[in-house]
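Visitor: with the sequence up front, the predicted model follows.
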Number of protein chains: 2
Amino acid sequence: MTSKATSIDIAYKAGVSQSTVSRALRNSPLVNLETRQRIQAIAKELNYKVDKNASNLRTQNSLTLALLICEDPTNDDSMINPFFLSMLGSITRATARQGYDLLVSFQQLSSDWHADYEDSNKADGIILLGYGDYMDYAHKLETLIEKNTHFVIWGAEHNNKAVLSIGCDNHQGGVIATEHLLSLGHRHIAFLGDASGHSPEFRDRYLGHVDALSAAGVQADKQLQYHAINTEASGYEAAIALLDSGAQFEAIFTASDLIAIGAIRALKKRGVLVPEQVAVVGYDDIPVASFANPALTTVKQDTQFAGEILVESVLKLIRGQEVSQRLIKTSLVVRSSCGAKVDE
Amino acid sequence: MTSKATSIDIAYKAGVSQSTVSRALRNSPLVNLETRQRIQAIAKELNYKVDKNASNLRTQNSLTLALLICEDPTNDDSMINPFFLSMLGSITRATARQGYDLLVSFQQLSSDWHADYEDSNKADGIILLGYGDYMDYAHKLETLIEKNTHFVIWGAEHNNKAVLSIGCDNHQGGVIATEHLLSLGHRHIAFLGDASGHSPEFRDRYLGHVDALSAAGVQADKQLQYHAINTEASGYEAAIALLDSGAQFEAIFTASDLIAIGAIRALKKRGVLVPEQVAVVGYDDIPVASFANPALTTVKQDTQFAGEILVESVLKLIRGQEVSQRLIKTSLVVRSSCGAKVDE
DNA sequence: CTGAAAGCGCTTACAG
DNA sequence: CTGAAAGCGCTTACAG
């Protein structure tokens, strides 16, 4: 292996000073165009790449973003929330488009992640993707704020105004899902998901659901709300409990697709036809949703767009520009699980 | 924001030289234990973190790995191969366990990715996750080899011996899937997937399939092999073509779960019962597999283990240790789509 | 338009 | 056991 070329090697070959090489490679107009091109040609020929560590050290930035995915301790290690996986994809792409690199890390709630990345100059800013209950790590957020870390957090609006959050409008998502079921004539609509506030996103979906019912003159029935966390198994159990309660219902709105898929499995197990006897609407539009049987009608969170906004926002923070909370609108993807007519 | 503490600040506070601080923080036994602890305490108090750029520049390594996921141009942007997503999760974890950071990037075949990461000292080594046909970028691999980049590639064994590949034993996977179907009494088994060699992994699965048939005294029927790429839609089409051919078959083995899910959709559409009339076995055990209806019997690639081996291998390469090609055994996950008896 | 020089914050021989 | 010093490879004021 011939050792890597440095700017000094190029300077030598081009017969100029190392400073000029550095300027030329950054395409500085200070350098004579012809010299600039000659230097760039030599750099290319020697397969030269600027040493990131050296330039970062000098400029005190890293052109890198860190993505911390905070895992739900209630989930087992092996399975990551598919919704986050979509986000990961779009964030990766958005980051690259902005000329930044992306450091990815899964974090246990327990570990000492706060601030490490920016303090060690590994990243200029941090994007946090976390499960429901941000209260659990409020303390860690405090530390981040205290240290003036540039970070943005995905999810519900935060009560600490120093925290910039970007998220989809969960209330609105709950509204459109419920309005859709109402428009299909359903009046007894069950809700499967955590409505306790432990998971602010789920709670907002539930609140949207309740508000849409009220707006239609339907009183939400507390007996039709069953607790579920974001897993298929939990959705299954919640639906079984609902079924066992003997309550009357013609539709189910779930706080997530995973819950919906579990619920559908429970309904099938009990011989209940979906959507003929019970209509189901999920939330997230994860890839599985379209493969479910029947294909799941669901509230789509635009991960593509969300990833872009998230990246754009941290970058603004880093550059000291104005940024503000932002709620992204959701949309309904109508498939067959709700009983609406669609071409397959 | 109080500006970040440096080792000099700590030295000042501890009344020692900066060199001693540096040694103490790396826990060098050269430094008196008591002094060492005092320095570490001060560092903690000041929330000091070693500047990565400075230490990397000095030591000429980055303690960072890069994961390049090469996307299949035949797939649309939005959907990443779910199998890769699992791998991403396990690689991220394995990397962290080794004390390394992980840079993640999705790469278009077209772009100029080769070597950038290691040349610019952003990463010490590279893990490549790519779709089927590595021949398409053989040239880029050449460049990597030429530059003595430390990299390992996921997938089929490579004909260039300078390339280290780690992968699951696709031939064996094809064998166990087929043996299982044979054991259930099926003799006319269709194969859905690319068998052309354009995708070496799919071809090996096919070859395993053919060999298992031969071993059982069954002649593989070329009429029962239909081309499909790794998407649900392609699986659907292949199954429709198979159905339309009028050929007789009681089972289908597909080169991937996505194909299997598409095939099941096609079978249902045509009123064919799975598994009663046609048994289906997939490949990958992606998360969707267990939610499919019926739940998919499939060949599981142990992503957890694979991620660990992949990371371990690049690290060995980086350290100049001995490493060799490695084939990881697959296992069969029996669910209901094959008609075998299982408790649900 | 170009060059000499300082310095980013570390690590590590070298000397004691 | 500790310190003074060099140097990793850049970028960028400063001087011309």
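Guide: That came in fine, so what should we check first? What you see is a predicted model; the values in this text were computed from it and never measured.
Visitor: any idea which element A:G217 lies in?
Guide: Secondary structure from DSSP states H and E places A:G217 outside every helix and strand.
Visitor: no no, A:L102
Guide: Assigned by DSSP H and E, A:L102 falls in strand A:101-107.
Visitor: is that strand positioned near chain B?
Guide: Yes: judged by Cβ under 8 Å from any Cβ of the partner chain, strand A:101-107 comes into contact with chain B at A:101-106. Using the backbone N, CA and C atoms, a C-beta is placed for each residue, glycine as well.
Visitor: columns neighbour count, pLDDT and distance to DNA strand C on top of those, output as JSON lines?
Guide: Converted to JSON lines, the residues of strand A:101-107 next to chain B look like this (neighbours: other Cβ atoms under 10 Å in any protein chain shown; pLDDT from 0 to 100; distance: Cβ to the nearest atom of the strand, whole Å):
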{"residue": "A:D101", "neighbour count": "24", "pLDDT": "90", "distance to DNA strand C": "19"}
{"residue": "A:L102", "neighbour count": "23", "pLDDT": "93", "distance to DNA strand C": "23"}
{"residue": "A:L103", "neighbour count": "21", "pLDDT": "92", "distance to DNA strand C": "19"}
{"residue": "A:V104", "neighbour count": "25", "pLDDT": "90", "distance to DNA strand C": "24"}
{"residue": "A:S105", "neighbour count": "21", "pLDDT": "87", "distance to DNA strand C": "21"}
{"residue": "A:F106", "neighbour count": "21", "pLDDT": "81", "distance to DNA strand C": "26"}
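Visitor: any residue of the following helix or strand past the strand holding A:L102 up close to chain B?
Guide: Downstream of strand A:101-107, the next assigned helix or strand under DSSP H and E is helix A:116-119. Yes: applying Cβ under 8 Å from any Cβ, one finds helix A:116-119 touching chain B at A:116, A:119.
Visitor: what helices and strands are in contact with helix A:116-119?
Guide: Here helix A:116-119 touches strand A:64-70, strand A:125-130, going by 3 or more Cβ pairs under 8 Å, 6 or more residues apart in numbering or on different chains; DSSP states H and E.
Visitor: run the angle between the helix or strand following the first one and strand B:64-70 for me.
Guide: Where DSSP H and E defines the elements, the next helix or strand beyond strand A:64-70 is helix A:82-97. Comparing the axes of helix A:82-97 and strand B:64-70 via axes from the mean of the first three to the mean of the last three Cα atoms, to 10 degrees yields an angle of 100 degrees.
Visitor: the stretch 151-300 of chain A against chain B: which residues are in contact?
Guide: So the stretch 151-300 of chain A meets chain B at A:232, A:261, A:265, A:268, A:287-288, A:290-293 (Cβ under 8 Å from any Cβ).
Visitor: an error on my part: the question was meant for the stretch 1-150 of chain A.
Guide: A:1, A:4, A:47-54, A:56-57, A:62, A:64, A:77-80, A:82, A:85, A:88-89, A:92-93, A:96, A:101-106, A:115-116, A:119-122, A:147-148.
Visitor: of those residues, list those near DNA strand D.
Guide: A:4, A:48, A:50-51, A:54, A:57 (Cβ under 7 Å from any atom of the strand).
Visitor: need the residues you listed in a markdown table (columns: distance to B:S28).
Guide: A markdown table is the format used below for those (distance: Cβ to Cβ, whole Å):
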| residue | distance to B:S28 |
| --- | --- |
| A:K4 | 29 |
| A:Y48 | 35 |
| A:V50 | 32 |
| A:D51 | 26 |
| A:A54 | 25 |
| A:L57 | 23 |
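Visitor: quick check: the farthest pair among the residues you listed?
Guide: A:Y48 and A:L57 (18.2 Å; Cβ to Cβ).
Visitor: where does pLDDT dip in the stretch 1-150 of chain A?
Guide: For the stretch 1-150 of chain A, the stretches with pLDDT under 70 are A:1-3, A:71-80, A:108-115, A:131-137.
Visitor: which bits of it sit near DNA strand D?
Guide: A:4, A:6-8, A:18-19, A:22-23, A:25-26, A:48, A:50-51, A:54-55, A:57-59.
Visitor: please repeat the previous calculation with a cut-off of 6 Å.
Guide: A:6-7, A:18-19, A:22-23, A:25-26, A:50-51, A:54-55, A:57-59 (Cβ under 6 Å from any atom of the strand).
Visitor: what ranges do the strands span in chain A?
Guide: A:64-70, A:101-107, A:125-130, A:151-154, A:164-168, A:189-192, A:225-226, A:251-254, A:279-284, A:297-300, A:326-328, A:331-333 (DSSP state E).
Visitor: which parts of chain A are helices?
Guide: Taking DSSP state H to define them, one finds helices in chain A at A:7-14, A:18-25, A:33-45, A:52-59, A:82-97, A:116-119, A:138-146, A:170-183, A:200-215, A:232-245, A:257-269, A:288-291, A:303-318.
Visitor: and the last one with strand A:164-168, angle?
Guide: The one in question is helix A:303-318. Using the same axes, to 10 degrees: helix A:303-318 against strand A:164-168 is 170 degrees.
Visitor: go on, the first one?
Guide: Taking the same axes, to 10 degrees, one finds that helix A:7-14 is oriented at 90 degrees with respect to strand A:164-168.
Visitor: helix A:7-14 and DNA strand C, are they touching?
Guide: No: judged by Cβ under 6 Å from any atom of the strand, helix A:7-14 stays clear of DNA strand C, getting no closer than 7.5 Å.
Visitor: do the fourth one as well
Guide: Yes: residues of helix A:52-59 contacting DNA strand C under Cβ under 6 Å from any atom of the strand: A:57-58.
Visitor: got the contact list for that helix?
Guide: A:62-63, A:121, B:51-54, B:56-57, B:62, B:120-122 (Cβ atoms under 8 Å, 6 or more residues apart in numbering or on different chains).
Visitor: try 7 Å
Guide: A:62, A:121, B:53-54, B:56-57, B:62, B:120-122 (Cβ atoms under 7 Å, 6 or more residues apart in numbering or on different chains).
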